[in-house]
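J.: structure, please.
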Amino acid sequence: MKSKLFYLTVLFIFGMTSLVKAQTIDVSGKVTASGGEPLPGVTVVEQGTTNGATTDAEGRYSIQANENATLVFSFVGYNAQKVDINGKSVIDVQLNESVVNLEEVVAIGYGTQRKSDLTGSVTSIGTESFNEGMISSPEQLI
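T.: Numbers count the residues shown, from 1 in each chain. Coordinates of the predicted model:
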């Protein structure tokens, strides 16, 4: 009698832990740019976790995530996008290019800085400057 009670208790505990555990589903889909071309190398991460995946050459991905989680899609040069799974197994995403005002960013020899953060002098050289006589190096233009 005691052994039956023990087995029933163990079965009950295992049954309850499987109900309490978050349900995960396989989510897949395709990530494209605004023009419809596939984006390889997009990072797909379940928000708040380290669970992630990357799109292949055709822009396809597959990830196992909590059925009520949010997926974050990010790629260099594109705005990140968050999508709620809500139990869906196929989620296709279209990322939009991020627009950066190039007049506000200055390229320097070891990185980039905002124009407002610069101290010192800044010189701008156009292509027409390179066509003015005999110049052997760019420093001579400055």
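J.: quick check: longest strand of this protein.
T.: strand 24-33 (DSSP state E).
J.: so which elements touch that one?
T.: Strand 24-33 makes packing contacts with strand 60-66, strand 93-95 when contacts are defined by 3 or more Cβ pairs under 8 Å, 6 or more residues apart in numbering; DSSP states H and E. Using the backbone N, CA and C atoms, a C-beta is placed for each residue, glycine as well.
J.: could those strands go into JSON lines alongside distance to V83 and mean pLDDT?
T.: As requested, the helices and strands packed on strand 24-33 are arranged in JSON lines below (distance: least, Cβ to Cβ, whole Å; pLDDT from 0 to 100):
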{"stretch": "strand 60-66", "distance to V83": "11", "mean pLDDT": "94"}
{"stretch": "strand 93-95", "distance to V83": "6", "mean pLDDT": "95"}
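J.: as a markdown table, those strands with distance to V31 and mean neighbour count would be great.
T.: Below are the helices and strands packed on strand 24-33 laid out as a markdown table (distance: least, Cβ to Cβ, whole Å; neighbours: other Cβ atoms under 10 Å):
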| stretch | distance to V31 | mean neighbour count |
| --- | --- | --- |
| strand 60-66 | 7 | 17 |
| strand 93-95 | 5 | 18 |
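J.: angle of the longest strand of the chain against strand 60-66?
T.: 140 degrees (axes from the mean of the first three to the mean of the last three Cα atoms, to 10 degrees).
J.: and strand 24-33, what's buried?
T.: For strand 24-33, burial by neighbour count (16 or more other Cβ atoms under 10 Å) applies to V27, G29, K30, V31, T32, A33.
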